[in-house]
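[1] Please find the sequence and the predicted model below.
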Number of protein chains: 2
Amino acid sequence: MKRLVLATRNQGKIAELRRILADGGLEVELVGLEEYPQVGEIAETGLTFAENALLKARQIAEATGLPAVADDSGLCVDALNGMPGVFSARWSGRHGDDDANLDLLLAQLSDVPPDRRGAHFACAAALALPSGTERVVEGALHGSVIERRRGENGFGYDPIFVPEGESRTTAEMSPAEKDAISHRGRAFRALIPIVAELL
Amino acid sequence: MKRLVLATRNQGKIAELRRILADGGLEVELVGLEEYPQVGEIAETGLTFAENALLKARQIAEATGLPAVADDSGLCVDALNGMPGVFSARWSGRHGDDDANLDLLLAQLSDVPPDRRGAHFACAAALALPSGTERVVEGALHGSVIERRRGENGFGYDPIFVPEGESRTTAEMSPAEKDAISHRGRAFRALIPIVAELL
């Protein structure tokens, strides 16, 4: 069975992609970065999700000699011209501080009325082969940013994001409910036929 | 002499526009909002500089029965899709806290390399007449955001902004030097012939 490296050391993310690949009927052995200590920290210096996903997948394919999949995602707020975007995880200037990032976004939007709080979660998923062949696809989940956090599931901006046609935030959904509609789920499902073709 | 109301209680801004109008050969009596206590606080709820400038000028013309001029300005950073933009004065979530706004912007851009730190100051200047006639023009000053603050003049993001073709920040320039090239100066100078025509 072909081996595919996923650009993460997070077991939850590996398990999630394994489910999506299996649902898509794709038989590959998916492994995380923990098996490849030779891959160092990859700086996400791109200004688009696609740029970051591609640079991560490319570096891993080069370092491991195996096909690699990477993703980058974030929240794009219409009133902020699509930001935080690729800066989602470091919006407050403190990388990975979900509470600080979320509080800052709410404060910035405090004067923005409900009908102008549209937003979408976006994800780019990239495949890179050691030969240099690359592909990237995107997935999105449209909705709006509410004024106060609700829900305990998920991470990042989930407690303040309500998808279109929903009354709950993505932090009030079960992981399976969120997977079914999420930007990451959509991007990875779009990547499956490409992986199947190129591997 | 025709009277024109400027949407500010800041004497420095009134004096600045008086100089620009006089340089442009326009004879009007320019007064600030301090003479019109009936004009209350105007919320800047727009998502563009032009929208905010127009809504301020419009409300003042309606409340005073006189022609009114208003402006809105901010810093637009390329890597942030043009933000902070209309959120410049409240970027940190604390309105008017220049230090917090500037520190947050520097932290957000900390991983952005020098060749991707392009930015411009933008200003929209609007004229509204009691008859309902409205005009808006824009001015810009292009440059880039540096990594550490320099200079004591100006306000807002001046200490971290270097105009194209300059080595100094706008906070290292004299007020007159800055006026000559600034986004506000350019927008107001563009508004002079329109004021002359419509008054």
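    Cool, the structure landed. Residues are numbered from 1 along each chain as shown, chains lettered A, B, ... in the order given.

[2] going forward, measure contacts between C-alpha atoms and count neighbours the same way
    OK.

[3] Which parts of chain A are helices?
    For chain A, the helices defined by DSSP state H cover A:11-23, A:49-64, A:98-108, A:175-181, A:183-198.

[4] can you put those in a markdown table and add distance to B:Phe87, mean pLDDT and mean neighbour count?
    Putting the helices of chain A into a markdown table (distance: least, CA to CA, whole Å; pLDDT from 0 to 100; neighbours: other CA atoms under 10 Å in any protein chain shown) gives the following:
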| stretch | distance to B:Phe87 | mean pLDDT | mean neighbour count |
| --- | --- | --- | --- |
| helix A:11-23 | 35 | 82 | 15 |
| helix A:49-64 | 24 | 96 | 22 |
| helix A:98-108 | 7 | 96 | 19 |
| helix A:175-181 | 31 | 88 | 14 |
| helix A:183-198 | 27 | 93 | 19 |
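
[5] Can you give the contact residues for stretch A:131-144?
    A:50, A:53-54, A:58, A:117-128, A:161-164, A:181-188, A:190-191, A:194 (CA atoms under 8 Å, 6 or more residues apart in numbering or on different chains).

[6] how about it: buried residues?
    Neighbour-count burial for stretch A:131-144, counted by 16 or more other CA atoms under 10 Å in any protein chain shown, picks out A:134-144.

[7] Please report the distance of A:Arg117 from chain B.
    For A:Arg117, the distance to chain B equals 11 Å [CA to the nearest CA, to the nearest Å].

[8] ok, back up a step: sitting in strands, which of the buried residues of stretch A:131-144 do you find?
    Counting by DSSP state E, the part of those found in strands is A:134-144.

[9] from the residues you listed, which two are the most distant?
    Pairwise distances across these peak at 32.6 Å for A:Glu134 and A:Ser144 (criterion: CA to CA).

[10] Excluding residues flanking it in the chain, which one is nearest the residue nearest in space to the middle of chain A?
    Central residue of chain A (CA atoms, centre = their mean): A:Ser73, 3.4 Å from the mean position. With CA to CA, 6 or more residues apart in numbering or on different chains as the criterion, A:Ser73 has its nearest non-adjacent residue at 4.1 Å, and that residue is A:Cys123.

[11] Tell me which residues touch that neighbour, please.
    So A:Cys123 contacts A:49, A:71-74, A:138-140, A:183-184, A:187 (CA under 8 Å, 6+ apart).

[12] and which of those is nearest to B:Gly85?
    Using CA to CA, the contacts of A:Cys123 come closest to B:Gly85 at A:Gly74, 20.4 Å.

[13] my read: the closest one touches A:Val86, true?
    Yes: counting by CA atoms under 8 Å, A:Gly74 touches A:Val86, with 6.0 Å between them.

[14] list residues touching both of those two?
    Taking CA under 8 Å, 6+ apart as the criterion, A:Gly74 and A:Val86 both touch A:Phe49.

[15] ok, these two, which is more surrounded?
    A:Val86 (27 against 24; other CA atoms under 10 Å in any protein chain shown).

[16] which ones are touching the more buried one?
    A:46-49, A:72-74.

[17] how about the residues you listed in a markdown table, adding distance to B:Arg94?
    Listed next are the contacts of A:Val86 as a markdown table, based on distance: CA to CA, whole Å:
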| residue | distance to B:Arg94 |
| --- | --- |
| A:Gly46 | 29 |
| A:Leu47 | 26 |
| A:Thr48 | 28 |
| A:Phe49 | 29 |
| A:Asp72 | 30 |
| A:Ser73 | 27 |
| A:Gly74 | 24 |
